[in-house]
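**Q** Quick one: sequence plus predicted model below, questions after.
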Amino acid sequence: MSAEQQDADRFAVDGVRPERVVRPESVAELREIVREAAASESPLIPWGGGTQMGFGNLAGPTALALDLTGLNQVVDYEPDDLTIGIQAGATVGAANELLGQNGQFLPAEAADPARATLGGVFATGIAGPRRFGFGSPRDMVLGISLVLPDGTLARGGGKVVKNVSGFDLMRLNYGALGSLGIIVQLNLKVLPAARAQRTVLARYADLAPALEAAMRVRESTLGPTAITLVDAGAARAAELGDAAWTLALRCEAPPEAVTRQADRVREEVASGALDSAVLEDAATQPTWLALNGALSAEPARAWMNVRLGVTPSQAAVALEACGAAAIATGLALERTADLGSGLIYARLNGTNGMLLGAWRGLAHVGSHRSLLSAPPAVKAETDVFGARNEGFPLMEALKEQFDPGRIFNRGRFIGRL
């Protein structure tokens, strides 16, 4: 097999192989590639680390896969100002390794931060449980640069030379899958890193006391940065035991303060628990990295990952509905509830027909739903973004405004735009 064929296989999305793969090493080179693709009406798909390429509807024939990992340079870093300008192909892990040298960090999370790029995290809008304490990736962005179909380099927000008048490019492109433009740089605000961390774990035999404990802490002044509840399947995957329900709460503060905070959180969640414990600093990072496996949006063949948006009062109903859908269709199930952010992730394993039945069974659960990953045969029968909302005509108009030739991620965004 030739190198070109190997590249095409590696950059296939849901079985759709690109005609060729290009890896620009500069923004100028990327602009020329995009300009030529638009002129020849050649659809292209932007790629970062590939960790979230399962998110999106089925792609049509694709001429180019754009490997953006070569655009990974730090453009401007001002530690004293708590800001960094960095190209979108830089990984979450690499960015935090650099920031850590100055006691700073980005609270961006991914299932695989060593591979996930900052541009990919922003383009997919998949945020982790630290969103509760620090906000979403969108909240970190001060400015953005992106390449439009005619090769124009558009800029929006702070630390820029030229803005595109009339549009909030940061909000428009957050979660848009690169369907409006190819993100090449993000200007981000960074945060001082906590000098110590703890994780409080509490295990329960039943869902009700686990949710009650989580809500007590959520509504208190105790200030954890993440609150996540997992069922037995997800707990086993994260190596947290096999209790029916396990509650994990993340505490980040100066050393003395974090010890007091974790002890108080543990006291708050102990009622109704089978047992509880506090994990020290060294165990906290790997524990949450394992829990963030629920964010995975890798292309899938035999499983799907459903994301549901819920209010606190809906959490029990949504979790039980996921369980009922799995039982009704005979699927294996892992449930993770990001109770700080109001998101529930359900990973289900089974045949295509079983998966599609479970997805349809969740049609009326929560305020919104999406498939982060699913086999191509399941995607062929549904829109992975769920029902179209009232804002869809506006999204169509924006697509027409920014990408009238529909060369960016053709067919993969909401409503198959």
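**A** Everything's here; your move. Numbers count the residues shown, from 1 in each chain.

**Q** List of residues touching the host helix or strand of Val306?
**A** Assessed by DSSP states H and E, Val306 sits inside strand 303-309. Residues outside strand 303-309 that contact it (CB atoms under 8 Å, 6 or more residues apart in numbering): 54, 294, 296-297, 318, 322, 342-350, 355, 358-359, 362, 365-375, 378. All C-beta spots, glycine's among them, are computed from the backbone N, C-alpha and C.

**Q** Might you list the low-confidence residue ranges for the chain?
**A** 1-6, 158-167 (pLDDT under 70).

**Q** Does Asp275 touch Ala205 like I think?
**A** No - using CB atoms under 8 Å, Asp275 is not in contact with Ala205; the gap is 10.8 Å.

**Q** Helices of the stretch 101-250 of the chain, start to end?
**A** 118-124, 131-134, 137-140, 169-173, 207-218, 232-237 (DSSP state H, counting those that start in this stretch).

**Q** meant to ask about the stretch 251-400 of the chain
**A** So, for the stretch 251-400 of the chain - with DSSP H, counting those that start in this stretch - the helices run 255-269, 281-291, 315-329, 352-361, 376-379, 392-402.

**Q** Select, out of the helices of the stretch 101-250 of the chain, the one closest to Pro46.
**A** helix 118-124 (7.5 Å; CB to CB).

**Q** What lies in contact with that closest one?
**A** Looking at what lies outside helix 118-124 - CB under 8 Å, 6+ apart - the contacts are 46, 48-49, 51-52, 55, 68, 86-92, 95, 106, 108, 110, 137-138, 141, 173-178, 183-184, 186, 188, 297.

**Q** How about stretch 375-391?
**A** Residues contacting stretch 375-391 (CB under 8 Å, 6+ apart): 14-15, 55-58, 300-304, 352, 355-356, 359-360, 363, 368-371, 374, 413-416.

**Q** Export it to CSV, keeping only CA atoms.
**A** Extracted in CSV, the C-alpha atoms of stretch 375-391 (Å, rounded to 0.1, in the frame of the first residue of the first chain):
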residue,chain,number,x,y,z
PRO,A,375,-21.6,3.8,13.4
PRO,A,376,-22.1,5.1,9.9
ALA,A,377,-25.3,3.0,9.5
VAL,A,378,-26.9,4.7,12.5
LYS,A,379,-25.9,8.2,11.2
ALA,A,380,-27.4,7.4,7.8
GLU,A,381,-30.9,7.1,9.5
THR,A,382,-30.8,10.3,11.6
ASP,A,383,-29.3,13.7,12.2
VAL,A,384,-26.7,13.4,14.9
PHE,A,385,-27.7,16.8,16.3
GLY,A,386,-31.2,15.7,17.0
ALA,A,387,-34.3,17.8,16.0
ARG,A,388,-33.8,21.1,14.3
ASN,A,389,-34.5,24.0,16.6
GLU,A,390,-36.0,27.4,15.9
GLY,A,391,-32.6,28.9,15.1
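
**Q** ok now do the nearest residue to Val258 once chain neighbours are set aside, which residues does it touch?
**A** Nearest residue to Val258, sequence neighbours excluded (CB to CB, 6 or more residues apart in numbering): Ala196, at 4.4 Å. Ala196 sits next to Glu252, Ala253, Pro254, Pro255, Val258, Thr259, Asp281 when contact means CB under 8 Å, 6+ apart.

**Q** Please name the residues that touch Ala297.
**A** Thr51, Gln52, Met53, Gly54, Phe55, Ala111, Thr124, Ile126, Asn305, Leu372, Ser373.

**Q** show me where the stretch 101-250 of the chain has strands.
**A** 104-105, 141-147, 153-157, 182-189, 191-192, 196-204, 226-231, 245-253 (DSSP state E, counting those that start in this stretch).

**Q** May I have the phi/psi pair for the residue nearest to Leu146 when sequence neighbours are not counted?
**A** Leaving aside its chain neighbours, Leu146 sits nearest to Gly181 (3.6 Å; criterion: CB to CB, 6+ apart). Dihedral angles of Gly181 (phi, psi; degrees, to the nearest 10) stand at phi 180, psi 160.

**Q** What's the local residue count around Gly181?
**A** Residues within reach of Gly181, counting by other CB atoms under 10 Å, total 26.

**Q** Distance-wise, check it relative to Val27.
**A** 13 Å (CB to CB, to the nearest Å).

**Q** got any residues that touch both of those two?
**A** In contact with both Gly181 and Val27: Val147, using CB under 8 Å, 6+ apart.

**Q** distance of the residue nearest the centre of the chain from Lys189?
**A** Nearest to the mean C-alpha position of the chain, by CA atoms, centre = their mean, lies Ile126 at 2.0 Å. Using CB to CB, we find Ile126 at a distance of 20 Å from Lys189.

**Q** How about Ala321?
**A** For Ala321, the distance to Lys189 - CB to CB - is 38 Å.

**Q** the more surrounded of these two?
**A** Higher neighbour count among Ala321 and Lys189: Ala321, with 20 against 15, using other CB under 10 Å.

**Q** So that one is in contact with Leu362, correct?
**A** Yes - using CB under 8 Å, Ala321 makes contact with Leu362 at a distance of 6.2 Å.

**Q** okay, stretch 366-373 in CSV with CA atoms only?
**A** Extracted in CSV, the C-alpha atoms of stretch 366-373 (Å, rounded to 0.1, in the frame of the first residue of the first chain):
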residue,chain,number,x,y,z
GLY,A,366,-33.7,16.5,28.1
SER,A,367,-33.6,19.9,26.4
HIS,A,368,-31.3,18.8,23.6
ARG,A,369,-29.5,15.7,22.5
SER,A,370,-26.7,14.8,20.1
LEU,A,371,-24.7,11.8,19.0
LEU,A,372,-21.0,12.4,19.7
SER,A,373,-20.2,9.1,18.0
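
**Q** related to what we said a few turns ago, would you mind giving the orientation angle of the strand holding Val306 with respect to helix 315-329?
**A** Here strand 303-309 points in a direction 150 degrees away from that of helix 315-329 (axes from the mean of the first three to the mean of the last three CA atoms, to 10 degrees).
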